[in-house]
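Novice: Below are the sequence and a predicted model for it; my questions follow.
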Amino acid sequence: MARRRNPARLLIALSVAAVLAVFLLYSAVAGGGTPTVQPSELPGHTGKVALAGQVIGPVKGDAHGAGLTFIIRDVAGTTRVPVVYTGTVPDMFKVDQHVTVTGAMVDGTFVSVKDSMVTKCPSRYVPKHDGETTTNGS
Amino acid sequence: MTALALVIGAIVAVACVLWVAGPFLREPTVAGAADLFDDLDPAASQALVLAEERDRALGALKELEFDHRTGKISDNDYRDQVGPLRREAADALRQIEAAQP
Amino acid sequence: MSEVGRAALLVCLALALYATVAGAFAARERRRRLAVSAQRALYAAFASAVVAAIVLFSALLRHDFSFVYVADHTSSKLPWYFCLSAFWGGQEGSLLLWLLVLTGFAAAAVFLQRRAQDLIAWVVPVLGICGVFFAFVLVAVTSPFATQVRPAEGFGLNPSLQNPYMIAHPPALYLGYVGLAIPFAFAMGALLSGRTDERWIIVTRRWTLIAWAFLGIGQLLGSHWAYEEIGWGGYFAWDPVENAALMPWLAATAFLHSVMVQEKKGMLKVWNMLLVALAFNLSIFGTFLTRSGVLNSVHSFTEGPLGPWFLGFLCFSVIGSLALILWRLPLLRSKTKLESLISREATFLYNNLLLVALCLTILWGVAFPMLSELVRGTTVTVGQPYYNFFLRSFGLPLLLLMGIGPLIAWRRASLKSLGRTFVIPAITAVVAGIALLIAGAGSSTPGMIAYTFSAFVLASIALEFWRGTRARRTLSNVRWLRALGELVSRNRRRYGGYVVHAAIVLLAAGIAGSSAYGTETEGKLKPGQSLSSGGYTVTYRSLTREPKGNHVELRARVDVYRGGKQVGVMAPGKNEYLAEQQVSNEMAIRTDFLRAEDLNLILDQPNEDGSIFLKMVVKPLVNLIWLAGFIFVLGSVITLWPDAREQRRLVERYQSARAHGRP
């Protein structure tokens, strides 16, 4: 079949439209992602957030029992939030570590979603004695 | 920076310069056209393009034969396609002959 | 010693600069001697990079803590092989690895094509610019040869990197990332010289294949490392760092397919140029992402010295490549058109669209947090569901296309002949589907789809081999095995490609099995108590502590039962590293080859009273993923194997064309 117009162009246009449609549909259904906030930014957000900050002791309790309790503080500030965490505790977790826990505020305490703690492992690129941390990279 | 380091550094620098200047040292008095590397002028470029078209057409023919033999293309399809492909190949060959001086 | 290293890097920078300037001038004016001189500078740049690398390697092996880098990444008790791998364990060392591989590949690429001066004339300055950037960064911004007053002990290597896979994974990955610079240089070289004949396509294609193969193997090694080390039985978490390697790989995969359309029909020249540029720029983008700290926060990347430089180079590369493509657009216009929407060309087009769509959605997922922070001030991360959704939406059709493509002929295929060739694979897929449903795989729809498509693809590949071998046999009347060998040898790219497809199918099946059909459970156990999942029962016996070299091993002894009988003993635990003051998880893996599944035990929490919190994960078919790696290597080797006949044909054609031009 001889066509004067190039079917490839039509095909590409339709495919791009299809991909966009899939994309928009997904965004509409699944909603946006999870915002990452520091303790000082918490009041502005209701619902599920990823709370990021520095771990302050004392660390008490059992993460696989009633819950591990500790405090998360702004990395470069003073706002503190008490946290109750249940689930697996990453190996790198300790006081002064930077962590992110997903969950929501309930009655003044941040209650975590199970197994949602992530530590920012010390970067291979920034020496530990620097005090700064970034994510692991290649 | 010890004196030894400076000496080694100087030797390395000189070695690099000699290595990189090699082509000039080997042929110091070449100039003009002899110093130009081989390139294709428009006629040669055109000849190359035509040769590639010819090889493409011949390759497509071979592929058609192979697909027919392995049963991927039915006899009808083969008959439909082999004619135009043969013509394309013949066209390409003709163009090459025409371009020859 | 560190001065030697610093000097070597400075020499490398100077040589790369010369190669760029001299090479550009020589290309423009077609000066032969100057062009050769610039090429020599590239070879010498590689030599000086090697010298710098040797200095760093020897300092690492000697535990020379006066080197800041050595002190930061090793300790005196670190085994020698990890001391070596610490070379790429940190920022400066991995940048030096970049430079080493870049200059090495550049020297090799130019040397192999040295007889085609007009082809490589502009390639030299493009590679030179890349070399200048990395050498400059190593000389002026962040040097591996910084020295200090020698401390008594080093900080040691990050424990999660003390794993054999982390010795192999970064070099393989870098061979891939950096390797993409070569086809990029040839592409830009072709645009600069205005020459896009077939020699360029073949060289670009082969180097892309090499880089792509290493990138793929590097990612598999990394996944295996994550699987064993990170300890949650997962091998891919859509981490930005992982995505950084996946995106260029997808772009390169798209190119490897669409370049075939360009070879056969002279179409898609602009698209191919864009893909090669995209692959390389994504590679630089990935490096920028992982080194600049921008993943933490867009604002943090300006705090480190490296971020702005990489961003600048990335912008230069993106704008430069787009500008060159736009400038040469008239040259790249093709006369041929797509003949039919049902043809192999069209299948490749669909494949490309899906691959690029997947690549761009991943890119969006990676960039979104940074963009949202710039615009709204809050970092919003997209989660795994986002990526998994698009992987399924685009990946499953891609899987199906892998089976359809080989069955369709080039140019045009009538629906009738299509129907005939589809019959056997389709029946195989349906039969497999029914068998799987009976076996209980109906619990996951995407899993079922993946499995049936996999069966379809494997059947179509087997059919291709069968039909080709049979045709070969009737042609030359030899035995089956010999016919198969001849078939593959005469069509290395096609059948090597089929082998690679088979590997991808295994990969897909492994991913589907382990993600859709896995089971897990967890609980607190006192000695003598058990957990059950996926047909296995594990009983906790005791906890031991044992010092070993640079760490202390804490292990829980666990007996494994299946069907009432004991089948083994496993010891999940943790390693406490003394110098590094860190703990790493050591997951215990039991592989059942017959059932192709893994039982993973994770010692989540050892308690003071001798009880433990144990996590138990069963992952079916996960070993297909690693098996796929081997088959992937095999397929790539077959495809890359040099074809003497093709080489001869190229040379002859070029010579005869030259003869035409010269009366």
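Specialist: Noted; the coordinates are in hand.
Novice: What count of nearby residues applies to C:G194?
Specialist: 11 (other Cβ atoms under 10 Å in any protein chain shown). Just so you know, the C-beta spots here come from the backbone N, C-alpha and C atoms, and that holds for glycine as well.
Novice: Could you find the closest non-adjacent residue to it?
Specialist: Excluding the flanking residues, the one nearest C:G194 by Cβ to Cβ, 6 or more residues apart in numbering or on different chains is C:L331, at 6.0 Å.
Novice: Test my guess that that neighbour contacts C:T196.
Specialist: Yes. The pair formed by C:L331 and C:T196 meets the contact definition of Cβ atoms under 8 Å, at 6.7 Å.
Novice: Those two: which has the busier surroundings?
Specialist: With neighbours defined as other Cβ under 10 Å, C:L331 and C:T196 compare such that C:T196 has more, 21 against 13.
Novice: Who are the contact partners of the residue lying closest to the more buried one once chain neighbours are set aside?
Specialist: Leaving aside its chain neighbours, C:T196 sits nearest to C:A190 (5.0 Å; criterion: Cβ to Cβ, 6+ apart). Contacts here follow Cβ atoms under 8 Å, 6 or more residues apart in numbering or on different chains; on that basis C:A190 touches C:122, C:196, C:200, C:204.
Novice: Same check on C:F186?
Specialist: C:109, C:119, C:123, C:200, C:203-204, C:207.
Novice: try 6 Å
Specialist: C:123, C:203-204 (Cβ atoms under 6 Å, 6 or more residues apart in numbering or on different chains).
Novice: Now do it against chain B, distance only.
Specialist: Using Cβ to the nearest Cβ, to the nearest Å, C:F186 is found at 17 Å from chain B.
Novice: tell me which element that residue falls in.
Specialist: helix C:181-193 (DSSP states H and E).
Novice: quick one: strands adjacent to the helix or strand containing C:R541?
Specialist: In the assignment (DSSP H and E), C:R541 maps to strand C:536-548. Neighbouring strands of strand C:536-548 in its sheet, by DSSP bridges, are strand C:530-533 (antiparallel), strand C:551-562 (antiparallel).
Novice: does the residue nearest to the spatial centre of chain A sit in a helix, a strand or a coil?
Specialist: In chain A, the centroid-proximal residue (Cα atoms, centre = their mean) is A:A50; its distance is 4.5 Å. With DSSP: H, G, I helix; E, B strand; the rest coil as the basis, A:A50 sits in strand.
Novice: Starting from chain A, give me the distance back to the residue sitting nearest the centre point of chain C.
Specialist: By Cα atoms, centre = their mean, the mean C-alpha position of chain C lies nearest to C:L215, the distance being 2.1 Å. Shown here: C:L215 relative to chain A, a distance of 12 Å by Cβ to the nearest Cβ.
Novice: Is that residue located within a strand, as I assumed?
Specialist: No. Per three-state DSSP, C:L215 lies outside any strand segment and is helix.
Novice: quick one on the thing from earlier: nearest to chain A among the contacts of C:F186?
Specialist: Nearest to chain A out of these is C:T204 (Cβ to the nearest Cβ; 22.1 Å).
Novice: pretty sure the closest one contacts C:F184?
Specialist: No. Here C:T204 lies out of contact with C:F184, judged by Cβ atoms under 6 Å, at a distance of 8.7 Å.
Novice: With neighbour numbers in mind, choose between those two.
Specialist: Shown here are C:T204 and C:F184; by other Cβ under 10 Å, C:F184 has more neighbours (29 against 24).
Novice: Tell me if I'm right that A:D91 and C:M587 touch.
Specialist: No. Between A:D91 and C:M587 there is no contact under Cβ under 6 Å: 11.4 Å.
Novice: what's the nearest residue to the most centrally placed residue in chain B if we skip its chain neighbours?
Specialist: Closest residue to the average C-alpha location of chain B: B:L48 at 8.4 Å, with Cα atoms, centre = their mean. Excluding the flanking residues, the one nearest B:L48 by Cβ to Cβ, 6+ apart is C:A657, at 3.8 Å.
Novice: Next one: the one you found from C:E29, what distance?
Specialist: Counting by Cβ to Cβ, to the nearest Å, the separation of C:A657 from C:E29 is 23 Å.
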